[in-house]
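J.: quick one, structure for this:
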Amino acid sequence: MEVTTLDVAHLLDGQLDDVPAQALSGFAGIEDASKGDLTFLANLAYEGHLYTTGASAVLVSKEFVPSAPVQAGTCLIRVDDPYAAMAKLMQAFGGGETDQSAETQIHPSAVIADSAEIGMGVSIGAHCYVGSGSKVGAGTKMMTGSIVGEGCSIGADVILGMRSVIGDQCTVGDHCILQIGATIGADGFGFAPTDSGFEKIPQLGNVTIAAGCEIGAGTTIDRATLGSTVLDEGVKLDNLIQVAHNVRIGKHTVIAAQTGIAGSTEIGSHCMIGGQVGINGHIKIANGTKVAAKSGITASITTPNQVMQGNPAQPIRKHQHMQLAIRKLAREFTRSGQAQGSNKADSKPRL
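T.: Have a look, this model is predicted:
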């Protein structure tokens with residue numbers, strides 16, 4: 001990264017403080033930044049660090065007003081959204097896309113089926129596997145131990161993290177990232193009860209992941225019984241999430257860690273789901289829904305853009321009112337118990 005504060009301001013359509021342009025060489029957190037570093041202030045809980053940081057430049061919102069003098073060597077670049085602006089810069093200067101015209105590199109220990117198609121500029125690490133009939137797009141990186149099954153289609157500039165697995169017949173779009181140990185296309189949890197026990201139902205479908213998705217470490221996405229389990233464009237899944245068979249997740253939905261989604265549920269686009277949320281099967285969640293952590297979604301949510309909380313989840317204001325009522329009721333019971341105890345004490349004979 002070799003740019004100036006003026007370059008950054010132009011790229012972000014930002015406003016640069018009236019100071020001479022300075023050279024920038026890297027990124028750092030606001031607490032640890034030093035000369036040449038670019039950092040950002042999005043959460044005002046960290047404002048105190050702004051006045052002690054050694055960074056050469058800090059991204060702040062256009063409305064931000066410092067409550068103390070900023071260090072002499074630090075300039076402010078005012079943007080609409082400092083967090084989003086920092087992400088844009090890190091994408092632009094933090095490595096960039098793979099050169100798809102570069103030479104393909106395959107480690108000697110990797111096993112590649114003769115019928116597999118490997119694009120230009122692909123990097124395949126040690127102990128990787130690509131099955132028969134699979135296609136790996138240009139510029140894709142397969143890290144150590146990653147596996148692509150038979151008949152798969154992997155797009156361009158995909159990153160398959162160490163020990164990530166893509167099962168047979170699954171599809172991953174361009175610019176996707178699978179973190180360490182992600183598993184795509186394991187059998188869905190399908191069993192039919194019989195007099196002699198549970199009979200396994202063959203899982204004959206696949207998983208289809210659109211462009212720009214990211215799958216966290218240890219997250220599992222089951223293949224469909226029939227048809228496809230689908231992640232639409234730009235979906236972001238955190239670590240340790242379970243997505244069951246035939247689930248569909250809409251565009252640009254984000255889901256935090258340890259959430260579990262039961263089979264055949266449809267989640268809309270632009271939803272935000274907190275950690276440790278449990279979602280029932282065969283229901284629908286409307287576009288723009290936000291779900292607080294540890295909530296339980298037991299029925300369909302048909303009204304878009306609601307904030308839900310609780311178990312079972314309900315609109316957050318209703319949940320909060322219910323919690324206040326429970327606390328009030330608990331206080332009344334406590335007072336009542338104390339009063340009864342006092343009356344009993346008063347009724348005891350005294351010597």
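J.: pull out the buried residues from the worst-scoring helix or strand of the chain on mean pLDDT.
T.: Lowest on mean pLDDT, DSSP states H and E among the helices and strands of the chain sits helix 316-347, with a mean of 79. Across helix 316-347, burial judged by 16 or more other CB atoms under 10 Å covers 316, 319. C-betas here are computed from N, CA, C, even on glycine.
J.: for that helix, packing partners?
T.: Contact analysis of helix 316-347 by 3 or more CB pairs under 8 Å, 6 or more residues apart in numbering; DSSP states H and E lists strand 307-309 as its packing neighbours.
J.: again, only this time at 10 Å
T.: strand 307-309, strand 314-315 (3 or more CB pairs under 10 Å, 6 or more residues apart in numbering; DSSP states H and E).
J.: where does the stretch 201-350 of the chain have low pLDDT?
T.: 341-350 (pLDDT under 70).
J.: quick revisit: now do the least confident helix or strand of the chain: distance to the chain's middle.
T.: 41 Å (CA atoms, centre = their mean, to the nearest Å).
J.: CSV for the helices and strands packed on helix 316-347, including distance to Pro66 and mean neighbour count?
T.: Formatted as CSV, the helices and strands packed on helix 316-347 follow (distance: least, CB to CB, whole Å; neighbours: other CB atoms under 10 Å):
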stretch, distance to Pro66, mean neighbour count
strand 307-309, 32, 20
strand 314-315, 38, 16
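J.: what would those look like in TSV with distance to Phe198?
T.: TSV is the format used below for the helices and strands packed on helix 316-347 (distance: least, CB to CB, whole Å):
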stretch	distance to Phe198
strand 307-309	33
strand 314-315	34
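J.: between those, which one is closest to Arg331.
T.: strand 307-309 (22.1 Å; CB to CB).
J.: direction included, what does that closest one pair up with?
T.: Strand pairing for strand 307-309, determined by DSSP bridges: strand 290-291 (parallel), strand 314-315 (antiparallel).
J.: can you list the domains in the protein?
T.: 3-93, 182-191+220-337 (automatic domain parsing).
J.: most packed of the ones you listed?
T.: domain 182-191+220-337 (a mean of 18; mean count of other CB atoms under 10 Å).
J.: quick one: that one to chain centroid distance?
T.: 14 Å.
J.: and for Lys200, the neighbour number?
T.: 10 (other CB atoms under 10 Å).
J.: who does it bridge with?
T.: Beta-bridge partners of Lys200, as defined by DSSP bridges: Phe191.
J.: ok, now how distant is the nearest residue to Glu117 once chain neighbours are set aside from Asp157?
T.: With CB to CB, 6 or more residues apart in numbering as the criterion, Glu117 has its nearest non-adjacent residue at 4.5 Å, and that residue is Lys135. Per CB to CB, to the nearest Å, Lys135 is found 14 Å from Asp157.
J.: repeat for Pro66
T.: Relative to Asp157, and taking CB to CB, Pro66 is found at 40 Å.
J.: what does Ile215 give?
T.: 15 Å.
J.: and for Val136?
T.: 11 Å.
J.: what do you get for Tyr83?
T.: Counting by CB to CB, the gap from Tyr83 to Asp157 is 24 Å.
J.: likewise for Gly137?
T.: For Gly137 relative to Asp157 (CB to CB), the value is 7 Å.
J.: one more: Gln105?
T.: Taking CB to CB, one finds Gln105 at 15 Å from Asp157.
J.: for Gly274, which non-adjacent residue is closest in space?
T.: Gly274's closest residue in space is Ala293 (CB to CB, 6+ apart), at 3.5 Å.
J.: so who does the one you found touch?
T.: Going by CB atoms under 10 Å, 6 or more residues apart in numbering, Ala293 touches 256-259, 273-277, 309.
J.: and Gly296, by the same measure?
T.: Gly296 touches 276-280, 308, 310-313, counting by CB under 10 Å, 6+ apart.
J.: next, give phi and psi for it.
T.: phi -120, psi 120 (degrees, to the nearest 10).
J.: quick check: bridge partners of it?
T.: Beta-bridge partners, per DSSP bridges, of Gly296: Gly278.
J.: against Ser295, how distant is the closest residue in space to Gly133 that isn't next to it in sequence?
T.: On the basis of CB to CB, 6+ apart, the spatially nearest residue to Gly133 that is not a chain neighbour turns out to be Gly151, at 4.6 Å. Counting by CB to CB, the gap between Gly151 and Ser295 amounts to 38 Å.
J.: what of Ile285?
T.: Taking CB to CB, one finds Ile285 at 12 Å from Ser295.
J.: common neighbours of these two, please.
T.: Listed as contacting both Ile285 and Ser295 by CB under 10 Å, 6+ apart are 273, 279, 308.
J.: quick check: the farthest pair among the contacts of Ala293?
T.: Of all pairs in the contacts of Ala293, the most separated under CB to CB is Ala257 and Gln309 at 17.7 Å.
J.: circling back to that earlier point, and for the residue nearest to Glu117, the neighbour number?
T.: 17.
J.: and Ala92, that one's in a helix?
T.: Yes. Assigned with DSSP: H, G, I helix; E, B strand; the rest coil, Ala92 falls within a helix.
J.: what's the closest non-adjacent residue to it?
T.: Leu11 (7.1 Å).
J.: which residues touch that neighbour?
T.: With CB under 10 Å, 6+ apart, Leu11 has these contacts: 3, 85, 88-89, 92-93.
J.: at 8 Å what do you get?
T.: Contact analysis of Leu11 by CB atoms under 8 Å, 6 or more residues apart in numbering lists 88-89, 92.
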